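Student: Provided below for reference: sequence and predicted model.
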Amino acid sequence: MKSEKIATTHRSPKARSAPRSFWHLMYQVPVVAGASHAFFMLLFFMLGAPLLGWVNLGSVALFGLSYLCLRLKRNILAVGLILSEIVVHAALAVRFIGWDSGFHYYLILVAPIVFVSRSRSGPKLVIVSLMLTCYLAMDWFMKTHGPLYALQEQTLSALRYVNVTVTFLVLSFLSGQYYRLVTHAERQLRALATTDPLTHLLNRRSWLEVAEYEVVQRQRHQEPLAVVLADIDHFKSINDQHGHQAGDRLLQAVSEVLRNTVRQQDSVARWGGEEFMILMPQATLDTARTVAERLREKVSALNVPIEDHAPLSVSMTFGVALHRASEAIEAPVRRADAALYQGKAKGRNRVAIEDAPT
Ligand SMILES: Nc1nc2c(ncn2[C@@H]2O[C@H](COP(=O)(O)OP(=O)(O)OP(=O)(O)O)[C@@H](O)[C@H]2O)c(=O)[nH]1
């Protein structure tokens, strides 16, 4: 339901926290990998293979170093360290205890990490091809050379299961984080495309989309639909006297009043500079007039603090119109605009209703 999705955006729902960029995602690689190697270090010391324990201690140190590089924004160095660790560790582990230990699976993890990064596709292809070459070379080498340490078959199987499990877990974790990164960026883009950046209200285009949808719905259910166009009075002189920043602050304060006073199903948009449009599904002309009157009072009661001056007050003029059967949304918008014009002409700070149909 396109319009329902858009309609909720002006209430700016809280987004779940998400990694803000690829490099935030990258911070997690040395943490997860370092923790896995710490686990293996303990395991090998306990299994009586201290050499492999030391190898893993070296890995923990390398991942610690790469984390530090990431924090210091030495990103290329960090990635170089991470890739070297993966290759050297896999090669040493496979050479020491054999192909069946499953340590070569970690080379496969490089492909998603490299391809998610923002670097050019040339270097990505080179790195992944190198990893594939290392993988195949290790496989070929171990077919003709036995492991340096012969572990018991049961221990070897247990290690392989652990390695396969860790590989799956790391892949799932990275994919999940990447998914969150992309959906977070998508949400931000959608918000940018549908809302006004200053007030976070809907923009004109997305209000029209919602309104067109509501026209169809209300006609189908034969329910009323009102539109209210509101304009801040003498806004130009506020800008001229107190500056654009004070004007912006005022626009935000007025937007907050509008947003917080209408019902959940109503849609408020910033229509233009100091003009706002409200769509009120299931509202008759009388209801819309009452709501507009309430909005007018609340806006008049505003005291907006600004720098080096007493708080600012403003008033607003409102034009109200009702959608009539089989007309496009532009028609009541035009009548609300005409009513607003009349309200301004009659002295502002009032709610003006469209002319009755002839
Ligand atoms: N601060 C600020 N001012 C804006 C923005 N958009 C438009 N304006 C200003 O809004 C003012 C609108 O002025 P007018 O159209 O003359 O309207 P008004 O002064 O409110 O007069 P009436 O509507 O007749 O009461 C102009 O000075 C615009 O520069 C904005 O985003 N921020």
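Tutor: Right, received. Where do you want to start? Numbering: from 1, shown residues only.

Student: name the residues of the stretch 101-250 of the chain found near the ligand, please.
Tutor: Neighbours of the ligand within the stretch 101-250 of the chain, by C-beta under 6 Å from any ligand atom: 198, 231, 232, 233, 234, 235, 236, 239, 244, 247, 248. Quick note: C-beta positions are derived from backbone N, CA and C, even for glycine.

Student: now the helices for the stretch 101-250 of the chain?
Tutor: Counting by DSSP state H, counting those that start in this stretch, the stretch 101-250 of the chain has helices at residues 105-108, 110-116, 121-144, 153-194, 204-220, 235-242, 244-261.

Student: with mean pLDDT added, can I get the ones you listed in CSV?
Tutor: Below are the helices of the stretch 101-250 of the chain laid out as CSV (pLDDT from 0 to 100):
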stretch, mean pLDDT
helix 105-108, 91
helix 110-116, 81
helix 121-144, 91
helix 153-194, 89
helix 204-220, 95
helix 235-242, 94
helix 244-261, 96
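
Student: so how far is the ligand from residue 259?
Tutor: The gap separating residue 259 from the ligand is 17 Å, by C-beta to the nearest ligand atom, to the nearest Å.

Student: any idea how many residues pack against that residue?
Tutor: Using other C-beta atoms under 10 Å, residue 259 has 18 neighbouring residues.

Student: now swap in residue 168 and tell me
Tutor: Residue 168, neighbours per other C-beta under 10 Å, totals 11.

Student: now, of the helices of the stretch 101-250 of the chain, which is deepest in the fold?
Tutor: Highest mean neighbour count of these: helix 105-108, a mean of 19 (counted as mean count of other C-beta atoms under 10 Å).

Student: which parts of the stretch 251-358 of the chain are strands?
Tutor: 267-270, 275-281, 304-306, 309-312, 316-322, 351-353 (DSSP state E, counting those that start in this stretch).

Student: what's the closest of the ones you listed to the ligand?
Tutor: Of all the strands of the stretch 251-358 of the chain, it is strand 316-322 that lies closest to the ligand, at 7.0 Å by C-beta to the nearest ligand atom.

Student: run through who's touching that closest one.
Tutor: With contact meaning C-beta atoms under 8 Å, 6 or more residues apart in numbering, strand 316-322 is reached by 224-233, 254, 284-285, 288-289, 292, 295-296, 299-300, 332-333, 335-344, 348-354.

Student: pLDDT averaged over it - what is it?
Tutor: Computed over strand 316-322, the mean pLDDT rounds to 98.

Student: again with stretch 31-39
Tutor: On average, stretch 31-39 scores 88.

Student: using CSV, write out every CA atom in that stretch.
Tutor: Output of stretch 31-39 as CSV, limited to C-alpha atoms (Å, rounded to 0.1, in the frame of the first residue of the first chain):
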residue,chain,number,x,y,z
VAL,A,31,36.4,-8.3,16.4
VAL,A,32,34.6,-11.4,15.3
ALA,A,33,37.7,-13.0,13.7
GLY,A,34,39.9,-12.1,16.7
ALA,A,35,37.4,-13.7,19.1
SER,A,36,37.3,-16.9,16.9
HIS,A,37,41.1,-17.1,16.9
ALA,A,38,41.2,-16.6,20.7
PHE,A,39,38.9,-19.5,21.0
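
Student: buried ones in that stretch?
Tutor: By neighbour count on 16 or more other C-beta atoms under 10 Å, the buried set for stretch 31-39 is 32, 33, 34, 36, 37.

Student: any chance of those in a markdown table, plus secondary structure and distance to the ligand?
Tutor: Shown next, in a markdown table, are the buried residues of stretch 31-39 (DSSP: H, G, I helix; E, B strand; the rest coil; distance: C-beta to the nearest ligand atom, whole Å):
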| residue | secondary structure | distance to the ligand |
| --- | --- | --- |
| 32 | helix | 46 |
| 33 | helix | 49 |
| 34 | helix | 49 |
| 36 | helix | 52 |
| 37 | helix | 54 |
